[in-house]
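# my questions concern the predicted model and sequence given below.
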Amino acid sequence: MVDGRFSRRQVVKTVGVGGIVGLAGCAGSGGSGGGSGDGPIPVGTLAPFSQGLGWVGPNAARGRDVALQSINEETIMGREVEINEQDTETNPQAAVSGFTTLNEAEVVAMLGPSSSVIPNLFQPIRDAQLPTLSVSAGTIQMDDVGGPEEYLWRTVPSDAIAGRAQGQYALSQDFTSMAVTYKNDKGSQSFSASVADYFTGQGGDQAADVPLENNADSYRSEVQEIIDSGADVISMTAGTEVSALFMQNYIQAGTDIPLFLGNDVLTPDFIERVGADVLAESPVFGQAPAPGPAFDQFEQRHRDLHDEAPGTFGAAGYDAMNLIALAAVRGGAADRQTITQNINPVARPDGTEVSTFAEGKSELEAGNEINYQGASNPQNFDQNGDPVGPFSVLEVEDGSWVKLTTFSADELTT
Amino acid sequence: MVLDPQFVWNGIVVGSIISVSALGLTLIFGILNFINIAYGDYMATGAYIAFAVNAQMGLPLVVAIAAGVGGMAAGAVLVDKVVFEHFRTSSPVTLLIVSIGVAFFIRNLIRAVWGPSGNFYDVPIEANPSLFGVRYSVEQVSIIIASLLLLAAVYVLLRRTRIGIAMRAASDDRTLTRIRGVDTERLVLYVWIAGGAIAGLGGIMLGLDAQIRPNMGFTTLIPIFAATILGGIGDPKGAVAGGFAIGILQEVSVVVIPSEYKFAVALAALIIGLLLRPDGLFGEATR
């Protein structure tokens, strides 16, 4: 210092040391998350908001926001929740990048992504000890992964359960030979494999296994291959783009072989895209988790907030957000470890049944244990963090998907 | 193993689309001597113009087809004036790289205007009629007839008209043709009009047979290039024969190989063709 002023060298040295110290402070692995203090509690959402599954993220986020509205009115120990949203772009590289961003932002929990990317996050989630509740991953790769030790749950049932519902309905209609066809990606393969495994395990035959390439101009030859296989029922799993083109070629082929669609296209958008009349006249079925105990009140609140009915995975987003908030309330702290240790206890079957954050918070503050009853399903987790619940088989009638029959959780798991 | 005739019919339909598209590509190559990677996106543009007129404005499909074909002919000339004309004396590699940039621009422009999702023309989705066990649609029959008419028209153009003869001459030797008094810049204009119109028609055919997507032309480029090269690049009748060969082989191949590999058939046919007939199917490569 010269005459009370910093020399240029000292300024450079000070800025340099300060910068290194500052960077070192940012380089942590996330630790216990940013839940301490009086500010908003940071919670992450990592979901596909663009590319192939770009419709999933917005649907789930709208459901999450219904829960968030109530949570921020009631508050968690006087604090509101602040959402940090990252787009997986439906690809693993972007998902890992988004996860890193959330981890470095020290979110205390995360609403997690879909089947196509979540296997790439198993290890990062464990390493970061970041409790994650996937709101759309049905992949069977998660069947043996999850629970508090893995920091991983999901609020939608496994594809294996959905596949069983499809297989059971096919067998109940005396179909004995099934062709499976699917978009050639991990999520669709997983679902198709679970359907075929269950169907053949119950004595049915698999007549054909036909992958559908994503950018094909038509699936006419694939449809013909299935027809020629002699199958008496078809299971087709793909997103809207592939399914719409497949449906067009299926209808043009003039076949009357019943067709089961995957979960992803049981939406009003798909009916509008293909045509309500065409779908109603064709032997086309779908299956979806039967609405949970709290679905009706969730649906009403969703309409009040967003002026529209909830889309697919909306209820799962609502349940995941409520479970995270209730876990923090039960544990008395909003950090990663506390939330991890309290997810299962707030969904335990032997507590007082609650279906909203307000009810749950009230019971917990009164010293009672709770059993959260979700909007998408009862959210009773098994040891791997998977919910088990009833499934319905649906068909199109008057422009919407309507229930044909429902299989109970017991029927699907025994 | 029994070959279902439905696969052969499907192959003829796909082959018609590839043939028409390959014809446009090979015409452009013959005169301008570069591989236009943006050609697939010209196809998509034609398809989307027709989609806008048919499904969005509610006009009949015939009007939409005319708009798509005409619009893309004008579009091809516009792209030439704005971009390619400035690289007329550049090497084919430079032009190829420029065309990649044009392709990206057009594809993303389509995405920005019409979105990334697939669309269909406003034609009813219903069970196709059947004849001798083969299901066919009116659109498919129209595609085959239109492609045969177009192929005949291009043959007559190239063989019986002064412009066509000049095109063939320029395809053989552009400098010598210019010395002989032919306005080769005007020929280039005609080629872009014809090539753009054919690309637009190919895209509309593809959209009618399948669906309309921003990358529909790009993903079809491999079989189109394969047909063009298999037939002898620059040779129109070779491109047509190559297109039908690849279309039929591709569709029939699902009988013996998994359908996910059917697109590899185009590449396999290309390799075998180059090994056995390096000058093209009719031995007139680059003419």
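Structure received.
# when you work out contacts or count neighbours from here on, use the C-alpha atoms and nothing else.
Will do.
# any idea how far residue A:107 is from residue A:389?
With the distance defined as CA to CA, to the nearest Å, residue A:107 ends up 30 Å from residue A:389.
# neighbours of residue 40, just the number please.
No chain in the question, so chain A it is. 18 (other CA atoms under 10 Å in any protein chain shown).
# could you do chain B instead?
For residue B:40, using other CA under 10 Å, the count is 27.
# got the contact list for it?
B:103, B:199, B:216, B:217, B:218, B:219, B:220, B:221 (CA atoms under 8 Å, 6 or more residues apart in numbering or on different chains).
# of those, grab the buried ones for ChimeraX.
In ChimeraX, this line selects whichever of these come out buried by 16 or more other CA atoms under 10 Å in any protein chain shown:
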select /B:103,199,216,217,218,220,221
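# residues contacting residue A:164?
Applying CA under 8 Å, 6+ apart, the residues contacting residue A:164 are A:194, A:195, A:198, A:199, A:412.
# drop anything exposed from those residues.
Applying 16+ other CA under 10 Å to the contacts of residue A:164 flags A:194, A:195, A:198, A:199, A:412 as buried.
# any chance of a markdown table for those, columns pLDDT and distance to chain B?
Below are the buried ones among the contacts of residue A:164 laid out as a markdown table (pLDDT from 0 to 100; distance: CA to the nearest CA, whole Å):
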| residue | pLDDT | distance to chain B |
| --- | --- | --- |
| A:194 | 84 | 20 |
| A:195 | 89 | 20 |
| A:198 | 90 | 23 |
| A:199 | 92 | 22 |
| A:412 | 81 | 32 |
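# which one is the most centrally placed residue in chain A nearest to, not counting chain neighbours?
Central residue of chain A (CA atoms, centre = their mean): residue A:136, 1.4 Å from the mean position. Among residues not flanking residue A:136 along the chain, residue A:114 sits closest, at 5.0 Å (CA to CA, 6 or more residues apart in numbering or on different chains).
# which stretch of helix or strand covers that neighbour?
Following DSSP states H and E, there is no helix or strand that holds residue A:114.
# show the contacting residues for it.
Per CA under 8 Å, 6+ apart, neighbours of residue A:114: A:47, A:48, A:90, A:134, A:135, A:136, A:137, A:138.
# could you list the low-pLDDT ranges of the stretch 251-400 of chain A?
For the stretch 251-400 of chain A, no stretch is flagged by pLDDT under 70.
# now do the strands in it.
A:259-261, A:284-289, A:352-354, A:370-372, A:391-397, A:400-407 (DSSP state E, counting those that start in this stretch).
# elements contacting the fourth one?
Spelled out, that is strand A:370-372. helix A:336-346, strand A:352-354, helix A:357-365 (3 or more CA pairs under 8 Å, 6 or more residues apart in numbering or on different chains; DSSP states H and E).
# residues in contact with that strand: which ones?
By CA under 8 Å, 6+ apart, strand A:370-372 touches A:323, A:345-356, A:360, A:363-364, A:378-379.
# one step back: okay, the strands of the stretch 251-400 of chain A, which one's buried deepest?
Comparing the strands of the stretch 251-400 of chain A by mean neighbour count (mean count of other CA atoms under 10 Å in any protein chain shown), strand A:370-372 comes out on top with a mean of 26.
# near chain A, which residues of the stretch 1-150 of chain B show up?
B:6, B:7, B:10, B:117, B:118, B:125, B:126, B:127, B:128, B:135, B:137 (CA under 8 Å from any CA of the partner chain).
# report the two of those separated the most.
Between any two of the residues of the stretch 1-150 of chain B next to chain A, the greatest separation by CA to CA is 29.0 Å, found for B:6 and B:117.
# which one of those two has more residues nearby?
residue B:6 (21 against 14).
# return the per-residue confidence for that one.
The confidence metric pLDDT takes the value 89 at residue B:6.
# residue contacts, it?
Residue B:6 touches A:224, B:133, B:134, B:135, counting by CA under 8 Å, 6+ apart.
# which of the helices or strands spans it?
helix B:5-32.
# nearest to chain A: which residue in chain B?
residue B:127 (4.1 Å; CA to the nearest CA).
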